[in-house]
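Q: Show me the folded form of this:
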Amino acid sequence: MAYWLCITTEENWNVIKEKNVWGVPERHKNTIAKVKSGDKLLIYLKQERDKDRIVEPRIVAVYETTSEVFKDSKRIFKTPEGMGNESFPLRIKLKPVKIFSTPVDFKSLIPKLRFITNKKKWTGHLMGKAMRQIPVEDYELIMSVAKR
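A: Next up, the predicted model:
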């Protein structure tokens, strides 16, 4: 089993919850191809601006994959600004394991996360990615914080 951090927006998080599906652009086909049925996906919401307020990055849920990757170009996800006509056609079916009642604050975890080797420039570990594999220790750390 592998563990993944899936990077998305608040709007697309609502699609994930409603449809139990994760999707990425074609350019991430090599990454999503490594995902197997039964893997765990942590849903990470990027920092966003809500009018005058900054909403900090957070982890909101863990899902289990229930399918292999399939292709579907039907528009269900909202395309973020600057991504043109992207439909996130490479998809995986999911089932919720746990939707956190209180989101896990991501920034407070950075000092302890093993996959983030440069703690000062931590955004570089996520920038330009749709998802990335993380070590089991990082998954367990996030889950232990989520249970509090």
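Q: in the chain, what spans have low per-residue confidence?
A: Where the chain drops to pLDDT under 70, the residues are 148.
Q: Which positions within the longest strand along it qualify as buried?
A: Criterion DSSP state E: the longest strand present in the chain is strand 90-105. Counting neighbours by 16 or more other Cβ atoms under 10 Å, one finds that the buried residues in strand 90-105 are 90-94, 100, 103-104. In this view, the C-beta of every residue, glycine as well, is placed from N, C-alpha and C.
Q: Tell me which strands that strand pairs with, and in which orientation.
A: strand 21-24 (antiparallel), strand 58-65 (antiparallel), strand 70-71 (antiparallel) (DSSP bridges).
Q: Identify whichever of the ones you listed lies nearest to residue 139.
A: strand 58-65 (8.2 Å; Cβ to Cβ).
Q: how far out from the middle of the chain is that closest one?
A: 7 Å (Cα atoms, centre = their mean, to the nearest Å).
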